[in-house]
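S.K.: Below is the sequence, then the predicted model.
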Amino acid sequence: MFNEVKSKFVYAKDVRQILEYVSTGNVDAGFVYKTDAATSNDVQVASTIPDLNHKPIVYYAAVLNSTKYPDEAKEFMNYLLSKQSQEILSEYGFLPPEKIK
């Protein structure tokens, strides 16, 4: 099936541009992250790729030792891990963070 539709692919610089193409009707469909699709009222999720068909999509956050603003950076990280922040992120399809050892 891939070979049947490959010639119809329109490539973009990133997922946000693909989302824009779909939301403006410039393309009929696009592959985007579910969390990006959730930011638009102009698109509808038609299908999702099962988790077993791809590696987990992970976003990392860290405070650099070389930061000029260590207190502010730590405060921001604490906010990201807070219940309030996690509730907001959950609304957009993000799962709670896992601590890396």
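M.R.: That came in fine, so what should we check first?
S.K.: can we go C-alpha only for contacts and neighbour counts from here?
M.R.: Will do.
S.K.: OK, contacts around Phe9?
M.R.: Counting by Cα atoms under 8 Å, 6 or more residues apart in numbering, Phe9 makes contact with nothing.
S.K.: Give me the phi and psi angles of it.
M.R.: Geometry field for Phe9 lists phi and psi as phi -60, psi 140, criterion degrees, to the nearest 10.
S.K.: What of the one 4 residues further on?
M.R.: Dihedral angles phi and psi of Lys13 (degrees, to the nearest 10) take the values phi -70, psi -30.
S.K.: what's the spacing between Leu89 and His54?
M.R.: As for Leu89, its distance to His54 is 22 Å (criterion: Cα to Cα, to the nearest Å).
S.K.: Tell me which of these two has more neighbours.
M.R.: In this view Leu89 and His54 are compared by other Cα atoms under 10 Å, and Leu89 has more residues nearby, 15 against 8.
S.K.: The nearest residue to that one once chain neighbours are set aside and Ile57, how far apart?
M.R.: Sequence neighbours aside, Leu95 is the residue nearest to Leu89 in space, at 7.6 Å (criterion: Cα to Cα, 6 or more residues apart in numbering). Taking Cα to Cα as the criterion, Leu95 is separated from Ile57 by 11 Å.
S.K.: For the two, indicate the residue with more neighbours.
M.R.: Set side by side, Leu95 and Ile57 show unequal neighbour counts under other Cα under 10 Å, the larger going to Leu95 at 12 against 7.
S.K.: Let's see the pLDDT reported for the more buried one.
M.R.: pLDDT, the model's per-residue confidence, is 87 for Leu95.
S.K.: for it, helix, strand, or coil?
M.R.: Following DSSP: H, G, I helix; E, B strand; the rest coil, we place Leu95 in the coil state.
S.K.: Over to Ser90?
M.R.: Counting by three-state DSSP, the backbone at Ser90 sits in helix.
S.K.: ok, now how distant is it from Asn53?
M.R.: 22 Å.
S.K.: Please say which of the two ends up with more neighbours.
M.R.: For Ser90 against Asn53, the residue with the higher neighbour count under other Cα under 10 Å is Ser90, and the figures read 13 against 7.
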